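*Asks:* Kindly generate the corresponding structure for this input.
(chains A and B)
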Number of protein chains: 2
Amino acid sequence: MNILVLSAGTRDKVVRYFKETLKGKGNVIATDCSNLAPAIYDADKAYIVPRIDAPDYIDKVIDICKKEKIDGVFSLIDPELSLIAKERARFEEVGTTPIVSSYDLCEMSLDKYAMYKFLTEKGISTGKCYIDKDSFYKAKAAGEITYPVFVKPRLGSASLNINMVNTDEEIDTLFDIYDDLMIQEYMKGQEYGADIYIDMVSGKCVSIFLKKKIKMRAGETDKSVSVKDPELFDKLAQFAEDCGYRGMIDADLFLDDGKWYLSEINPRFGGGYPHAYECGVNFPKLVINNLEGKENAPAIGDYKEGIYMMKYNDLLILPESELV
Amino acid sequence: MNILVLSAGTRDKVVRYFKETLKGKGNVIATDCSNLAPAIYDADKAYIVPRIDAPDYIDKVIDICKKEKIDGVFSLIDPELSLIAKERARFEEVGTTPIVSSYDLCEMSLDKYAMYKFLTEKGISTGKCYIDKDSFYKAKAAGEITYPVFVKPRLGSASLNINMVNTDEEIDTLFDIYDDLMIQEYMKGQEYGADIYIDMVSGKCVSIFLKKKIKMRAGETDKSVSVKDPELFDKLAQFAEDCGYRGMIDADLFLDDGKWYLSEINPRFGGGYPHAYECGVNFPKLVINNLEGKENAPAIGDYKEGIYMMKYNDLLILPESELV
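*Replies:* Residues are numbered from 1 along each chain as shown, chains lettered A, B, ... in the order given. Model prediction:
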């Protein structure tokens, strides 16, 4: 049983967890386009690959799958999810299972406005979102949204040009000077995160780990505490199964005034997954079982509450001569 | 020899480095206002204290110094530096040395516009900075600055409301809708960082570690490589001694077209200090020597070049019952 972790980056823990779970009964191979990605040094073997937008990228990855007899492959970065989902047939041809949801689900999950429309159509509560200011003003006049709101580039990823806005004047001026903006509701509730696993054999949601995020500084979630909510578990499991997600996904949620809002789905290992693993919620084991053709038994909420996680920096030091 | 680390936060490595260096010949005590600061769990003993702006904050810290027979105290967060510098006499009264520069130097170092004026007066190259748009337009007309520039709140710390701006129209509209903005030159060169130690006994600069920052994503320095530049070392040592800095400081630099620019001084352990320590540049040892009344011999550039540092996340997991 060999696992390939694509775009491993700084996700050292995910690589280690697969190694721990495989206990030597197979290799964990990791790739990155940079030889300064610390997680590749935690793998049994590392490959430096082209950037994911290079024309020969998928060929190189398929070559690695063949050469290393890879059973399952997954990526840790958003822009690569659709890519490996799209090439499912080519991976399967060489005996490798892509551990990822369908292409359409990946594409939609990463487009915040598309996701907003999808959730709204399904009747699932989510933060409001507008891409033209007129519909925002109409909604505001109708009392559906109030200031402050976030104004940000629809497709931006860095934290540049994100403005918290309180007046029409600011909205007008920002829309005058920038293109492709999006207005997002400022969610006032308590933020939560859920690590969810949908069995790749049965299609059933078999594991959910819920954590309350504890923010100490703006924008940074470096602490969380494990909690449970059986009613939410039911809703999340139903939603994940209805949509047809597969493997590990990460959900961002808000609880405001007793009501749950689903704000985002990342169809991959979330950045906070290590909290779940350290509480005994072992997704690598579920992945390996599925790759062996075994269905996992449901074990939703199978962990202790009140377990705190606090992130801090560790570092890898390597002389130039030891870089891949 | 007992050391007190204030506002330890997530700086687990700094706490561990003092413990390693003391080798049991004294205790490392750490404080934070939160019992979810992972670094306090690395100390020999932890105290939860009020927030630094609480009226009784300094009294509580002085009490800890007395009770734990603290020889030296330092803080890891900017807003506390001036505070402990200001209360130097009270600390010394109980036998504790604040490991920090003077109050005036701390205050100036943390005000980016004040620092800009100071560096310019001293003839040291630095990124240009404007707090009114008319002087920015004059400078632009005179060819002293070109777009893009950063427009940000003068006193902001989070990454909210930071805009990269390319036109007069954007400048005008941003200044119309927001108060207390600052226009900063966008530095195009390669970014470097220097960890500098100015001996508290002799006032001489005795250690400098220079690293080239390797940015993979916007705004994030999670990789660096050790380098040397004897000419820059001389300039930095001279500057640090002239200004009268004491103890450990952190400098942000740019190298553009063969010319060095000093962009910022943080008069405390920099976030990237672990790279220096792992290369043998042991500031805790220099601190301890100084607290013992010993002068440190100059050892500027005493490390290997080409040593890479890559950050990744580690985590502390604790059940509620084991929190301080």
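*Asks:* confidence score at residue A:93?
*Replies:* Note on residue A:93: pLDDT of 98.
*Asks:* all strands for the stretch 151-300 of chain A, in order.
*Replies:* For the stretch 151-300 of chain A, the strands defined by DSSP state E, counting those that start in this stretch cover A:163-165, A:181-185, A:190-198, A:205-217, A:220-227, A:247-256, A:259-266.
*Asks:* Mind putting the ones you listed into TSV with mean neighbour count, distance to residue B:322 and mean pLDDT?
*Replies:* Quick note: C-beta positions are derived from backbone N, CA and C, even for glycine. Listed next are those as TSV, based on neighbours: other C-beta atoms under 10 Å in any protein chain shown; distance: least, C-beta to C-beta, whole Å; pLDDT from 0 to 100:
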stretch	mean neighbour count	distance to residue B:322	mean pLDDT
strand A:163-165	19	37	88
strand A:181-185	21	38	91
strand A:190-198	22	22	97
strand A:205-217	20	16	90
strand A:220-227	20	13	86
strand A:247-256	21	26	96
strand A:259-266	19	30	94
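*Asks:* could those strands go into a markdown table alongside distance to chain B?
*Replies:* Formatted as a markdown table, these follow (distance: least, C-beta to the nearest C-beta, whole Å):
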| stretch | distance to chain B |
| --- | --- |
| strand A:163-165 | 6 |
| strand A:181-185 | 12 |
| strand A:190-198 | 14 |
| strand A:205-217 | 6 |
| strand A:220-227 | 5 |
| strand A:247-256 | 15 |
| strand A:259-266 | 17 |
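*Asks:* dump the residue contacts of the residue lying closest to residue A:42 once chain neighbours are set aside.
*Replies:* The shortest distance from residue A:42 to any non-neighbouring residue, by C-beta to C-beta, 6 or more residues apart in numbering or on different chains, is to residue A:15 (4.3 Å). Going by C-beta atoms under 8 Å, 6 or more residues apart in numbering or on different chains, residue A:15 touches A:5, A:8, A:28, A:30, A:39-40, A:42-43.
*Asks:* Please repeat the previous calculation with a cut-off of 10 Å.
*Replies:* A:3, A:5, A:8, A:28-30, A:38-44, A:46, A:76, A:284 (C-beta atoms under 10 Å, 6 or more residues apart in numbering or on different chains).
*Asks:* Tell me what the residue nearest the centre of chain A is bridged to.
*Replies:* The structure's chain A has its C-alpha centroid closest to residue A:266; by C-alpha atoms, centre = their mean the separation is 3.1 Å. Taking DSSP bridges as the rule, residue A:266 bridges to residue A:250.
*Asks:* ok, which stretches of the stretch 51-200 of chain A are helices?
*Replies:* A:57-67, A:78-86, A:88-93, A:103-110, A:112-121, A:133-141, A:168-177 (DSSP state H, counting those that start in this stretch).
*Asks:* Packing partners of the fourth one?
*Replies:* Taking 3 or more C-beta pairs under 10 Å, 6 or more residues apart in numbering or on different chains; DSSP states H and E as the contact definition, the neighbouring helices and strands of helix A:103-110 are helix A:78-86, helix A:112-121, helix A:230-243, strand A:247-256, strand A:259-266.
*Asks:* Report the distance from that helix to the chain centre.
*Replies:* How far helix A:103-110 lies from its chain's middle: 12 Å, per C-alpha atoms, centre = their mean, to the nearest Å.
*Asks:* average pLDDT across that helix?
*Replies:* 93.
*Asks:* Could you pull out the buried residues of it?
*Replies:* Neighbour counts over helix A:103-110 (16 or more other C-beta atoms under 10 Å in any protein chain shown) mark A:103, A:105-110 as buried.
*Asks:* got it, and the second one?
*Replies:* If you call a residue buried by 16+ other C-beta under 10 Å, then helix A:78-86 has these buried ones: A:80-86.
*Asks:* partners of the helix or strand of chain A with the lowest mean pLDDT, with directions?
*Replies:* Scoring the helices and strands of chain A by mean pLDDT, DSSP states H and E places strand A:220-227 at the bottom, with a mean of 86. Looking at strand A:220-227 with DSSP bridges, its partner strands are strand A:205-217 (antiparallel), strand A:307-319 (antiparallel).
*Asks:* what's the model's confidence in the last one, averaged?
*Replies:* Read it as strand A:307-319. Mean predicted confidence for strand A:307-319 is 96.
*Asks:* can I get the CA coordinates of it in CSV?
*Replies:* Output of strand A:307-319 as CSV, limited to C-alpha atoms (Å, rounded to 0.1, in the frame of the first residue of the first chain):
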residue,chain,number,x,y,z
ILE,A,307,-9.4,18.7,24.0
TYR,A,308,-7.5,21.8,23.1
MET,A,309,-5.2,22.3,20.1
MET,A,310,-2.6,25.1,20.0
LYS,A,311,-0.4,25.6,16.9
TYR,A,312,3.1,26.9,17.0
ASN,A,313,6.0,26.9,14.6
ASP,A,314,8.5,24.1,14.2
LEU,A,315,11.3,24.3,11.7
LEU,A,316,13.4,22.0,9.5
ILE,A,317,17.1,23.1,9.1
LEU,A,318,19.0,21.7,6.1
PRO,A,319,22.3,22.6,4.5
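*Asks:* mind giving me the domain split of chain A?
*Replies:* For chain A, automatic domain parsing gives the domain ranges A:3-100, A:128-185, A:189-310.
*Asks:* Give me the below-cutoff pLDDT ranges for the stretch 51-200 of chain A.
*Replies:* A:155-160 (pLDDT under 70).
*Asks:* run the last query once more with 80
*Replies:* A:154-162 (pLDDT under 80).
*Asks:* quick one: the residue nearest to residue A:42 and residue B:312, what's the gap?
*Replies:* Distance of residue A:15 to residue B:312, given as C-beta to C-beta, to the nearest Å: 10 Å.
*Asks:* How about residue A:137?
*Replies:* 45 Å.
*Asks:* Between these two, point out the one with more neighbours.
*Replies:* Counted by other C-beta atoms under 10 Å in any protein chain shown, residue A:137 and residue B:312 do not tie: residue B:312 has more neighbours, with 19 against 16.
*Asks:* how about the CA coordinates for stretch A:14-23, as PDB?
*Replies:* What follows is stretch A:14-23, C-alpha atoms only, in PDB (Å, rounded to 0.1, in the frame of the first residue of the first chain):
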ATOM      1  CA  VAL A  14      -0.300  14.800   7.200                       C
ATOM      2  CA  VAL A  15       2.700  13.000   5.700                       C
ATOM      3  CA  ARG A  16       3.700  11.700   9.200                       C
ATOM      4  CA  TYR A  17       0.200  10.500  10.000                       C
ATOM      5  CA  PHE A  18       0.100   8.400   6.800                       C
ATOM      6  CA  LYS A  19       3.600   7.000   7.700                       C
ATOM      7  CA  GLU A  20       2.500   6.200  11.300                       C
ATOM      8  CA  THR A  21      -0.700   4.600  10.100                       C
ATOM      9  CA  LEU A  22       1.000   2.500   7.400                       C
ATOM     10  CA  LYS A  23       3.600   1.400  10.000                       C
END
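*Asks:* buried sites along it?
*Replies:* So stretch A:14-23, judged by 16+ other C-beta under 10 Å, has buried residues A:14-19, A:21-22.
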